[in-house]
Structures are given as C-alpha cells and as structure tokens.
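Student: A structural model of the following input is requested.
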Amino acid sequence: MSPSSAVAEAAIARPSAGRHTLALFKSELQLVFGRVRTWVLLGVLAAVPVLIGVAIKLSGAEGGAEGFLGQIAGNGLFLIVASLGLSLPFFLPTAVTVISGESLAGESSLGTLRNLLTAPAGRSRLLAAKMVALAIFCLAATLTIWVAGLIVGFILFPVGDVLLLSGSTISLGEGLLRALAIAVVIALSLLGLAGIGLFVSSLTSTPLAAMAATFGTFIVLGIMSAIPQIDVIHPWLLMYGWTSFADLLRDPPYWDAIGRNLLLQAGYLAVFYAAAWARITSRDIV
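Tutor: Take a look at the predicted model:
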C-alpha cells in the first residue's frame, strides 16, 4: 500500500471534526438535563404559576392586586406573564446561576475536565457547547413557566381575548404567541448572567464557589441598580432592561427598550465568554 493510500484511508476512518462537535453538543445537553438538580430547578419554576394561581383562586377575588396579577382572575392567560415577571428577579437568575456555575467547575471537581480539554473536539468547541447548553437551559426554564402557567391558567380561570397595556384587544391565539415571545425575550435576557457564570466557573474547581460568586455578582449589580446616586451607570447594568418584556403587550409592540436590553445582554455575553475562552485556552484547569 502506498503512503498516499494509507493517508487517505486514515482520513476516511478518522471521525470528522463536525461529528466530534455534534457529539460534544449532544453530550453537554445530556449532562445538563441529566442531572437531578436541573429537574429540581425546573420543578421549582413550574410551581411558581401553580402557587400564584391557587392563591388567587382561593382568595375568591383579585385581592386589589395591580399590574398583571390584577388581571389573572379575569383572564388566565395573564398567569403566564405574571409568573414570568415574578420569577425574573430571583427564581430564574438563581436557576441560571446554579447551572452556569457548575458548567466547568463541576467537570473540574470530578476530574473529567482534563480529558475534555484534550478531546478531538478542542477547547473552543467545548466552551461553545457549554454556552449553547446554558442558552437552551435558559429557554427551557422560561418555557417551563410558560407551559405551567398555560395549564393552570386555563384550568382555574376564564380565558378569552387579551386586553393589552395600550388599551386595544387581541385574540387569545395572538395573546398566547405574545406570551411565548415574552418567554423567549426573558430567556435571552438571562444570557448575560449565564456568560458571567461560565467565566466564573472557569476560574475554580469548586462548583459551590462558582455558584456563590456568580450569584454574589448578580446581587451586587442589583444593589447598584437601586442606588439613585449612580443612576448614570444604570443603563449599563445587567438587569436594567429586564422588564422591557412588558412592551410586547402593547399595540404595536415597543421594540426600542427590548432591543437595547438584548444588545446589552449580547455585550455582557461577548465580554465574559471571551474571558472564559481566554482562560480555558491558555492554561490547564484541574
């Protein structure tokens, strides 16, 4: 056999980089959604609309609540929006903090990260797979609330045409689509925090330390956003535009604030993903 033939046969037998990449992405999704902790977090998120819906139903009235909570008794679809909004300040960020903090630090603590760093897929692809898995978890988290809110809202309350914040009315079908769009926008709003968690996770081999540091960063940013004396930097803080999802319930939707929020999240994600990439490609993580 000639040398050229041997090389050709070896090239055919060797798995392609694309196959390694797909296998790596599949493996990461199995790792994230194969943990009991992930399903516990999703279960807690699913319980949010259940608790809200049952509480309002048992009260026998709207209880004088304002905003989306005050509209749930009249239209169960608002249970989806209210649950997503109430989960955004704490429950959703906590879930993202746990999963992102464990992404690299968890592998390092188990001793599997060193093997992954030398795998054919490469370090850059490994980091990309981790980030994609985190993004899918963010979407799964918000869709869990969406589905639970949909089921509970339709069981406990009347449903019908949706009265928007601008005063106009849209059909139930369009209202469901807008609620789904809200879930997607909120999931995208969590990507900046996921990027921070991924970077912090690359700095340590202790998952709990990574989770605590990420959540601590989130708390500090939240405190800074509540200090009026530094309002000049508020538009640059991570959660400044998180409530812009409500603009999807206007006719027509206001896209300016939503666009600025998503652009801000993209900036945070780009900075901290680049920092995580520099960390993971420049040195061994044990």
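Student: read off the pLDDT value for the residue nearest to Val159 when sequence neighbours are not counted.
Tutor: Distance criterion C-beta to C-beta, 6 or more residues apart in numbering; nearest residue to Val159, sequence neighbours excluded, is Gly76 at 4.7 Å. Every residue, glycine included, has its C-beta placed from N, CA and C. On the pLDDT scale, Gly76 is placed at 95.
Student: quick one, what contacts Gly76?
Tutor: The contact partners of Gly76, taken as C-beta atoms under 8 Å, 6 or more residues apart in numbering, are 53, 152-159.
Student: now, these that are in helices?
Tutor: 53, 152-156 (DSSP state H).
Student: filter the residues you listed down to just the buried residues.
Tutor: Neighbour counting with 16 or more other C-beta atoms under 10 Å marks 53, 152-153, 156 as buried within the ones in helices among the contacts of Gly76.
Student: want to throw those into TSV with pLDDT and distance to Ala141?
Tutor: TSV is the format used below for those (pLDDT from 0 to 100; distance: C-beta to C-beta, whole Å):
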residue	pLDDT	distance to Ala141
Gly53	96	19
Val152	97	17
Gly153	97	18
Leu156	96	23
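Student: of all those residues, which comes closest to Ala179?
Tutor: Proximity of these to Ala179 (C-beta to C-beta) peaks at Gly153, which lies at 9.7 Å.
Student: look at the closest residue to that closest one other than its chain neighbours and give its secondary structure.
Tutor: In this structure, Gly153 finds its nearest non-sequential neighbour in Gly76, 3.0 Å apart by C-beta to C-beta, 6+ apart. Under DSSP: H, G, I helix; E, B strand; the rest coil, the three-state class of Gly76 is coil.
Student: phi, psi for Gly76 please.
Tutor: Dihedral angles of Gly76 (phi, psi; degrees, to the nearest 10) stand at phi -60, psi -20.
Student: among the ones in helices among the contacts of Gly76, which two are most distant?
Tutor: Gly53 and Phe154 (10.0 Å).
Student: now do the strands in the stretch 51-200 of the chain.
Tutor: Here the stretch 51-200 of the chain has its strands, by DSSP state E, counting those that start in this stretch, at 162-163, 169-170.
Student: I'm done for today, thanks for sticking with me.
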